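>>> the following block contains a protein sequence and its predicted model.
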Amino acid sequence: MAERGPPGDVGRAGLDTDDKPQGNGIAATADGRIAVANWFDGDRHNLLSRIYRHSKATGRFELMQEVPTNGAHAWESFTLGGATYLAVANWFNDTSYDIMSHIYRYSARDDKFVLVQEV
C-alpha cells in the first residue's frame, strides 16, 4: 500500500505515491496534468512514477498513466511548438548512478505521454 508523506505533500492531497517522505518532485502542465516523481520506497529506486489528470466531473486528480522511473528526483513540464512535454530526472537504478533521464510528449491520439528521448 502507498505510504503517505508529511503534511503538505502529494499524499496529503490524496494522490498516491510509493515514495518515502524524502520528497516528491512534482510538475504541473498548463492543461491540468500533474506528474509525481517516485524516488525511493524504502527498498528500491526502480518505481513507477505517476501522471494524474484533473477530472472536471469529480473535481479531483485521477490517475492517467504510470511510467517506469529510476530514483526519479524531479519532473519538469514545458511546451514546444504547441506540444506538451514532461521531462523526468532519474537519479539511481539500484546499481548505478550512470543512467538516462527521459522526455515524454503528450499524444492526443493515444491520450498518454509517450517517450520521445533519453538524455
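That came through fine.

>>> list the contacts of stretch 72-85.
With contacts defined as Cβ atoms under 8 Å, 6 or more residues apart in numbering, stretch 72-85 is touched by 25-31, 33, 35-39, 47, 49, 86-91, 103-106, 116. For the C-beta atoms, the positions are set from N, CA and C on the backbone; glycine is no exception.

>>> redo that, cut-off 7 Å
Stretch 72-85 is contacted from outside by 25-31, 35, 37-39, 49, 86-91, 103-106, using Cβ atoms under 7 Å, 6 or more residues apart in numbering.

>>> list the buried ones in it?
Using 16 or more other Cβ atoms under 10 Å as the test for burial, stretch 72-85 gives 72-75, 77, 84-85.

>>> quick one: low-confidence parts of the chain?
Where the chain drops to pLDDT under 70, the residues are 1-24.

>>> rerun at 50
For the chain, the stretches flagged by pLDDT under 50 are 1-12, 20-23.

>>> all helices for it, in order.
Taking DSSP state H, the chain contains no helices at all.

>>> that one: strands as residue ranges?
26-28, 33-36, 46-54, 61-70, 74-80, 83-89, 102-107, 112-118 (DSSP state E).

>>> need the winner for burial among those strands.
Highest mean neighbour count among the strands of the chain (mean count of other Cβ atoms under 10 Å): strand 33-36, with a mean of 23.

>>> helices or strands up against that strand?
With contacts taken as 3 or more Cβ pairs under 7 Å, 6 or more residues apart in numbering; DSSP states H and E, strand 33-36 sits against strand 26-28, strand 46-54.

>>> nearest to Asp110, of those?
When those are compared by Cβ to Cβ, strand 46-54 sits nearest Asp110, at 12.9 Å.
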